[in-house]
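J.: Sequence and predicted structure, then a few things I'm wondering about:
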Amino acid sequence: MAPLPKRRHSTRRQGKRQKINQAVDLVQADRCPKCKTPRLSHRMCPKCGFYK
């Protein structure tokens, strides 16, 4: 049999755990080496179509 917790976690403790998982990832944009327009990394350039 698996052990069970004696008491439930408080709402503050639950909120801390849930808040960590809701973090927003920032999108990394770099410049195209040919036309110097911003583009997403590891993607084709939307302006000139270059992909290294």
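T.: Okay, I see it. Residues are numbered from 1 along each chain as shown.
J.: Can you get me a residue count around M44?
T.: Neighbour count for M44, taken as other C-beta atoms under 10 Å: 13. From N, CA and C alone the C-beta is placed, and that goes for glycine too.
J.: Next, the contact list for it, please.
T.: 50-51 (C-beta atoms under 8 Å, 6 or more residues apart in numbering).
J.: end to end, how far does stretch 25-33 reach?
T.: Using C-alpha to C-alpha, to the nearest Å, the end-to-end distance of stretch 25-33 comes to 25 Å.
J.: who touches that stretch?
T.: The contact list for stretch 25-33 (C-beta under 8 Å, 6+ apart) reads 37-41, 45, 47-48, 50, 52.
J.: As a markdown table, these with neighbour count, secondary structure and pLDDT would be great.
T.: Compiled in a markdown table, the contacts of stretch 25-33 are given as follows (neighbours: other C-beta atoms under 10 Å; DSSP: H, G, I helix; E, B strand; the rest coil; pLDDT from 0 to 100):
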| residue | neighbour count | secondary structure | pLDDT |
| --- | --- | --- | --- |
| T37 | 13 | coil | 94 |
| P38 | 11 | strand | 93 |
| R39 | 19 | strand | 93 |
| L40 | 12 | strand | 91 |
| S41 | 8 | coil | 88 |
| C45 | 19 | coil | 93 |
| K47 | 13 | coil | 93 |
| C48 | 14 | coil | 94 |
| F50 | 13 | coil | 93 |
| K52 | 8 | coil | 79 |
